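*Asks:* Output the structure for:
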Amino acid sequence: MAQLPSHLFIGGNMKVQDIIGSESRIKVISGNGVPTVMPTAWQPVLSGCQAIVVIPDMHVAPATSPLDNFKFGAGAMLDFLQFLSDTKDALDDPADLKIFQIGDLYELRFPGSHVNSTVTDISKSSDTYSKIFNALNDLNANKLYGNHDFENRHFAGFNFNYVVGKVYLEHGFAADDWTANPLNPLNDPMMLVFLKMREFNEFLDSMQTAVGVDMSDKNFSWGVTSGKDEVTTMPSTADYMKDYKRIYDYYTARMRASAQGADCKITIVGHTHCPHLDANIDAGKYMYFDCGAWTVGRSDFLVLTNEEAAICHYSRTGGGPDV
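*Replies:* Below is the predicted model of the structure:
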């Protein structure tokens, strides 16, 4: 586990509102719009900082790829990262706010019409994308790797998980079945099937273009949901459990077994693209947060302080242009 370095901890009275301030584009969507309170006995929850912001899955592919549905929220992301930079600068100690990107930052697993693209290919495909990646680096964002950018495990600065005091962060693919878990030996054969599907999809695209079909507004590829329409709501618990109960069960069981550290009270994951919050596991002994996604139309993020936590939505409306 990658343990973040600690500095002298000073107090613990920062709240969610202290992070989001008066920014009109931010709306708390968990807890019926009310932040979840941390139990007094857990405080301080964090170590080495007073607040964290967690940015979920982005799946940035080359901007011209039909797999790239991040493009529709790219302008909002760039604005959001500038907001975080301004927020850090306004703190007495900027180190009191730490930023995490929880994995699947890049779409590197056979991304559509740019099969086997690299991070460089993705960055150079759009000036906006280059600015986003530079902004994440300027914020000293702590990066995890996911199943769609599993290749990043080879590079410095990417980790499988992080521990920040009583909080454990992981992308979440380890809880999934073999079709979405690169740790499973059956995953690679399945990825080969998807690769061939992508290559055939690319061939059909090129054939349509060759016979004069306008592909300029194409934003669809087999198995990929368009991100054109903004999603602003929090899914119900029933909807989350219908599709992702196995992930919830996996991490809640690990907390009960102290598998994520003896002090772990909170687990934060992504991977599902479906935000969820459960603050009452075993009658309040643990909390589980799925911070959602910044793709497929969503623009979620999580704020957690020593006193409160909330899943938020950042509106695309009124922001800078997309790609």
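
*Asks:* looking at it, Ile19 is touching Ala51, isn't it?
*Replies:* Yes. Counting by Cβ atoms under 8 Å, Ala51 is a contact partner of Ile19 at 5.6 Å. Every residue, glycine included, has its C-beta placed from N, CA and C.

*Asks:* for this protein, which residue is closest to the average position?
*Replies:* Per Cα atoms, centre = their mean, the C-alpha nearest to the average position across the chain is that of Pro56, at 0.9 Å.

*Asks:* what separates it from Gly292, distance-wise?
*Replies:* Distance from Pro56 to Gly292, counting by Cβ to Cβ, to the nearest Å: 5 Å.

*Asks:* all helices of the stretch 51-200 of the chain, in order?
*Replies:* 74-90, 119-124, 127-138, 187-210 (DSSP state H, counting those that start in this stretch).

*Asks:* Minimum distance to Ala310: which of the ones you listed has it?
*Replies:* Nearest of the helices of the stretch 51-200 of the chain to Ala310, taken as Cβ to Cβ: helix 74-90 at 14.9 Å.

*Asks:* by how many degrees do that closest one and helix 127-138 diverge?
*Replies:* Counting by axes from the mean of the first three to the mean of the last three Cα atoms, to 10 degrees, helix 74-90 lies at 30 degrees to helix 127-138.

*Asks:* shared neighbours of Ile19 and Ala51, anything?
*Replies:* Shared contacts of Ile19 and Ala51, defined by Cβ atoms under 8 Å, 6 or more residues apart in numbering, comprise 97, 303, 305.

*Asks:* Hmm, the first one is touching Leu46, no?
*Replies:* No. In this structure, Leu97 sits apart from Leu46 without contact. The criterion is Cβ under 8 Å, and the distance is 10.5 Å.

*Asks:* who touches both of the two?
*Replies:* Common contacts of Leu97 and Leu46 (Cβ under 8 Å, 6+ apart): Ile52.

*Asks:* so what's Asp239 up against?
*Replies:* Contacts of Asp239 by Cβ under 8 Å, 6+ apart are Cys274.

*Asks:* May I ask which helix or strand of the chain has the lowest mean pLDDT?
*Replies:* For the chain, counting by mean pLDDT, DSSP states H and E, strand 2-3 ranks last in confidence among helices and strands (a mean of 56).

*Asks:* OK, contacts around Gly103?
*Replies:* Gly103 touches 57, 143-147, 149, 171-173, 270-271, counting by Cβ under 8 Å, 6+ apart.

*Asks:* Ok, Asp278 next?
*Replies:* Counted by Cβ under 8 Å, 6+ apart, Asp278 has contacts 237, 248, 252, 287-288.
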